[in-house]
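In: got a predicted structure here, sequence first:
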Amino acid sequence: TLSESEKYELLKLMSFVLDHSTARSLLPCAQLDIFHGIGYKAATARLRRLATSLKEQCAASNGTLASFFTSSTHTSRCPFASMFGHGSVVSAQQLEIDNFINLLFGATDNVANTMSWLVYNLLVHQHAKSRVLEELHAHAQERRLDTYTELEYLCRSAKETLRLFPQNWLMSRDAIDDDCLSGYTIPGGSTVYLSVYTVQRSPEFWMQAEDFLPERFQKENPPVPFTFLPFGAGQRKCVGSELAMAEIVLTCAKLLSSFDVQLAPLVAPVVPHAAWSLRPKSDIQVLLGSKLRQTA
């Protein structure tokens, strides 16, 4: 495995690349190569070397996650083409490593933020928290990577959290050729931005759109296509979506089943802050109490 110093370096590099990439992609003018300066290129090169080493270790472990990582890194287009400055045509090996880095990004910042929002939503909406606790008690054994979907209400709560607080709150696509969308002319080569946050809170598609209602995610009543986009859609959908959902649900299940979690008193409502991801603007302060285990 990576050493502690390498793990720390990996996190610092990821933060550096994310911040600079966000600034570059949101410029109101043409994307400038200044953001691919010497420091940035050195950081991405070192990040790729660390990711390559980590991926090789996962592949050698022959475990469940190893098969996930090696089977989930195939896509027709490199999601980090502009970030790493190597264009859209890349080698198969480079494509695989870039997609693996995509998993690392999603498995840290995005997953941590979503877990924070999920816990906050459940603590604010005590009826939902009570249903989750009942479900955890009834399905004490369904807390594995291959059976986490049996925790249906907790999964619905996670999806509702992703609807209200999508980490990929803004996505972009490049127009290959001239096009027309809803009467608007889109020149070839231009970048089109989509506000996932707005779509997922639109009253046109969601009843009581601003409310936290996990019950809306019923199997028999799926969302209108392309209105629920926390992981994107189509060929460019996040390759780590299933792993992210498993992490979010299983970590929350472990937390709520191990501790009595309550919001700290006099805590003001937490609002989102739009950066690379949709983070809480202030700390979510909670109280953790011991949960006595009943003996038979």
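Out: Noted; the coordinates are in hand. No experiment lies behind these values; they were computed from the predicted model shown. Numbers count the residues shown, from 1 in each chain.
In: in the chain, which helix or strand is least confident?
Out: Taking mean pLDDT, DSSP states H and E as the measure, the helices and strands of the chain show their lowest mean at helix 81-84, namely a mean of 44.
In: separation between the residue nearest to the spatial centre of the chain and Phe228?
Out: By Cα atoms, centre = their mean, the chain has its centre lying nearest to Asn110, at 3.9 Å. Spatial separation of Asn110 from Phe228 under the definition Cβ to Cβ, to the nearest Å is 16 Å. No exception for glycine: its C-beta is placed from N, CA and C like everyone else's.
In: what helices or strands is the helix ranked longest in the chain leaning on?
Out: Scanning the chain for the longest helix, with DSSP state H as the assignment, gives helix 38-61. Packed against helix 38-61, as judged by 3 or more Cβ pairs under 8 Å, 6 or more residues apart in numbering; DSSP states H and E, are the following elements: helix 4-25, helix 64-71, helix 81-84, helix 92-105.
In: mean pLDDT for the ones you listed: which is lowest?
Out: With a mean of 44, helix 81-84 has the lowest mean pLDDT of these.
In: what segments of the stretch 51-200 of the chain are helices?
Out: 64-71, 81-84, 92-105, 111-124, 126-138, 152-164, 196-199 (DSSP state H, counting those that start in this stretch).
In: could you count how many residues lie near the closest residue to Ser157 other than its chain neighbours?
Out: Closest residue in space to Ser157, ignoring its immediate chain neighbours: Pro214 at 4.3 Å, by Cβ to Cβ, 6 or more residues apart in numbering. Other residues near Pro214 number 23, with proximity taken as other Cβ atoms under 10 Å.
In: next: Asp211.
Out: Burial of Asp211, expressed as a neighbour count using other Cβ under 10 Å, amounts to 11.
In: what helix or strand is it on?
Out: Asp211 belongs to no helix or strand when elements are defined using DSSP states H and E.
In: quick check: it vs Gly234, distance?
Out: Asp211 sits 29 Å away from Gly234 when distances are taken as Cβ to Cβ.
In: before we move on, what about Val192?
Out: With the distance defined as Cβ to Cβ, Val192 ends up 14 Å from Gly234.
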